[in-house]
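take a look and give me a structure for this.
(2 chains)
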Number of protein chains: 2
Amino acid sequence: MREVYVIGIGITSFSRLEYPLVEVAGYPAMMALKDCGLSKVDHVYVSNMGASRINRQTGFASAVVDHLSLTPAGAELIENGPASGASAIKTGFMAVASGVHDVVLVTGAERMREVDNLEATDFVASLTHPLAEQIYGVTLPSLAGMFARLYMEKYGITSRHLAMVAVKNHDNAMYNPFAHLHERITIEGILDSADAMTNNPFVAEPLRFYDMCPVSDGGACLILASADVAKKTGKPMIRLSGVGQATDTHCVHDREDPTDLLAVRGAAAKAFQMAGVAPGDVDVAELHDAFTILEIAESEEVGFFKKGEGHLALEEGYTKLKGKLPINTSGGLKAKGHPVGATGIGQAHELVVQLRGEAGERQVKDAKIGFSCNFGGFGNNVVALVFTKEK
Amino acid sequence: MREVYVIGIGITSFSRLEYPLVEVAGYPAMMALKDCGLSKVDHVYVSNMGASRINRQTGFASAVVDHLSLTPAGAELIENGPASGASAIKTGFMAVASGVHDVVLVTGAERMREVDNLEATDFVASLTHPLAEQIYGVTLPSLAGMFARLYMEKYGITSRHLAMVAVKNHDNAMYNPFAHLHERITIEGILDSADAMTNNPFVAEPLRFYDMCPVSDGGACLILASADVAKKTGKPMIRLSGVGQATDTHCVHDREDPTDLLAVRGAAAKAFQMAGVAPGDVDVAELHDAFTILEIAESEEVGFFKKGEGHLALEEGYTKLKGKLPINTSGGLKAKGHPVGATGIGQAHELVVQLRGEAGERQVKDAKIGFSCNFGGFGNNVVALVFTKEK
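This next block holds a predicted model:
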């Protein structure tokens, strides 16, 4: 298996974007091509969830290739719900690792604002089981609410711990110019003050407004290449050293213990095994905090902390920007934003920026190993990635 | 790069199916698992175009894995319009070739009947350029009509040649129990008889009703594996020996000569190069005849005949079931049907059946090398595959 390197990166603001979907995918791709000084690639993967239903485009990957003047490079759209981004990166990894292609551009995009006749929550609810969940009105926030209730009861977690995740990630996003939310929040403001219930109402009890990620537009791109090509770019050698993936039951209620996220556990274990590193070796991580409770649960399932102890690490400041293992330095989905198809690539983008030492005020000192967890459905299809900085 | 073999196959009828999309993907997968005697795989790719828009399901690949009890295998949905099937096969090829996975299940499905509030033609038109084609009312049949007009004028092709494709493929479909159309037609009946204009009216001049494929539901599956796994199944060793892909301009009107199908040419050349065979070595081929004119044009672009001479080969019966190079022994898209996401896998299914010598009355004698061309958009993203029977 050939080794695979990240040679170029690009990203848009995660916010409300004015330009068409093809440019949301195209703009970060142009940045990434410029970043590595290439004008052609062998293949393109586009990660996206809503092109067909909300943007009325199929064969969208072909549109992106044409828009970027990258023909005759082949292209496909890769969809794995909210984990589409990391799935596309994994697919690009195999394209280079196999030797079929030398340079693969992986770009993700979502234009969630275009949900004209349907609400974003309804669209995202199409991820749930159509016969056993969706028809009963289940949505992703409601699943997260039920999950949070069980998790908090089982492990003694309070609303204060959830708020700590939000405050930390909003803090981090202040240093990320591409983040959707540039708004510093405090525990006092969102939990303790007289108007906290107005500022931060319940959405899906026990989860409140500030426990939820925003609905964002955005795009992000990674260019992957073989070692030969990577060396010629003169960029820091950032290797995609581990890819892991696992699925769990489609319905959350089919899980023996719904507080276990087996797909997260399985995907992380495989990624670490391929990379030959342990969770304790990680310097910086991006976890899929679409809901604050998920950052805590994932930080345990991937092996950073023992099950039930993630909230204690949070109390100690262990996962803060200046802590021992900074989590979601980008602001996470919570404050950076969650343009579904771009999210996993956005996570990888942050890790590469950190490993390159280009993260400015949010730089993690001497970061050499980065880890990301991209969470599809409600944990039914998860992709984990490990990035390693080589000398 | 590791060698990749087809160890299991399965298919549904291409017709109007009563059961839900997840079973349209799942049933052929069950057949394929039974075919090779496996009950688990490492990864699943699902090829499909309409799950999100017409079936209201996202993260559909996760649903398929769960439905088949194949968790914790990872899964993605692969979309490349009408070429989604061969794109998914190519992706599966890389997964095995790279060594990341040993056994990959590739299943394609479409339930076109579920186009409740929109017409199938409108849905398929979402493949065209949204700003430069679609808003002017362009549809795939209309593009095919314009293409046919130019092609026929340039190369002296008549409506009779187009009808020969239809008659041949309807004939072949009579021997395929899974084909959508079991209806023998004649040149007399669809062109020369007094009521030909009633039986076979113009749809997009010069193309008539019998120049178009039907709108079908259907699913098809291939299981790909490394040589080690393949040998243990005891099945004939059918190697996926060549994969090639190329794109062309998104808009047909941007092409220097719209009668050239450069993506078909490029994809085929790459697939033949990887397989180390020439077009003249092929024993049986499946070409993407969504419109009759395409079988003629593709038979030239892939290298079977000189440009402009495909219709002459047709006149001579060269591409009939008993001819020198039988094309579309399955009935092709024209008569077997075109359930978009399943089509490319259906083509591969037919080739494997032929190379295994299990095609019954439509068997091509001593078939050792099979070739397929799966045509995305209106030729803007094409995937070609070569299958080789080993001793």
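
ok, the nearest residue in space to residue A:356 that is not next to it in sequence - contacts?
With CB to CB, 6 or more residues apart in numbering or on different chains as the criterion, residue A:356 has its nearest non-adjacent residue at 4.9 Å, and that residue is residue A:236. For glycine as for every other residue, the C-beta is placed from the backbone atoms N, C-alpha and C. Residue A:236 makes contact with A:355-357, A:389, according to CB atoms under 8 Å, 6 or more residues apart in numbering or on different chains.

which residues sit in contact with residue A:387?
A:6, A:238-241, A:348, A:351-352, A:355, A:369-372.

specify the local secondary structure of it.
Secondary structure, DSSP: H, G, I helix; E, B strand; the rest coil: residue A:387 is strand.

what parts of the stretch 251-391 of chain A come near chain B?
Contact residues (CB under 8 Å from any CB of the partner chain) of the stretch 251-391 of chain A with chain B: A:251, A:262-263, A:266-267, A:376-377, A:380-381, A:383.

what's in contact with the worst-scoring helix or strand of chain A on mean pLDDT?
Least confident helix or strand of chain A, by mean pLDDT, DSSP states H and E, is helix A:120-124 with a mean of 88. With CB under 8 Å, 6+ apart as the contact definition, helix A:120-124 has outside contacts at A:50, A:53-54, A:112, A:115, A:139-141, A:215, A:340, B:58.

how about the helix or strand just after that helix, which residues are buried there?
Reading on from helix A:120-124 to the C-terminus, the next helix or strand found by DSSP states H and E is helix A:140-155. Within helix A:140-155, the residues that qualify as buried by neighbour count (16 or more other CB atoms under 10 Å in any protein chain shown) are A:140-149, A:151-152, A:155.

farthest pair within the contacts of residue A:236?
Farthest apart among the contacts of residue A:236 by CB to CB are A:357 and A:389. That separation is 8.8 Å.

in terms of neighbours, single out the busier of those two.
Of the pair residue A:357 and residue A:389, residue A:389 is the one with more neighbours under other CB atoms under 10 Å in any protein chain shown, namely 21 against 14.

correct me, but the more buried one touches residue A:358?
No - with contact defined as CB atoms under 8 Å, residue A:389 does not count as touching residue A:358 (11.9 Å).

do you know how far the residue nearest the centre of chain A is from chain B?
Among the residues of chain A, the one closest to the centroid is residue A:344, at 3.5 Å (CA atoms, centre = their mean). Remark: distance between residue A:344 and chain B (CB to the nearest CB, to the nearest Å) = 12 Å.

please tell me how far that residue sits from residue B:59.
13 Å (CB to CB, to the nearest Å).

whichever strand or helix holds residue A:22 - contacts with which helices or strands?
Here residue A:22 sits within helix A:21-36, counting by DSSP H and E. Applying 3 or more CB pairs under 8 Å, 6 or more residues apart in numbering or on different chains; DSSP states H and E, we find helix A:21-36 packed against strand A:4-11, helix A:60-67, strand A:103-111, strand A:217-226.

and of these, who's closest to chain B?
Closest to chain B of those, according to CB to the nearest CB: helix A:60-67, at 3.6 Å.

do that closest one and chain B come into contact?
Yes - Helix A:60-67 reaches chain B (CB under 8 Å from any CB) through A:60-63, A:65-67.
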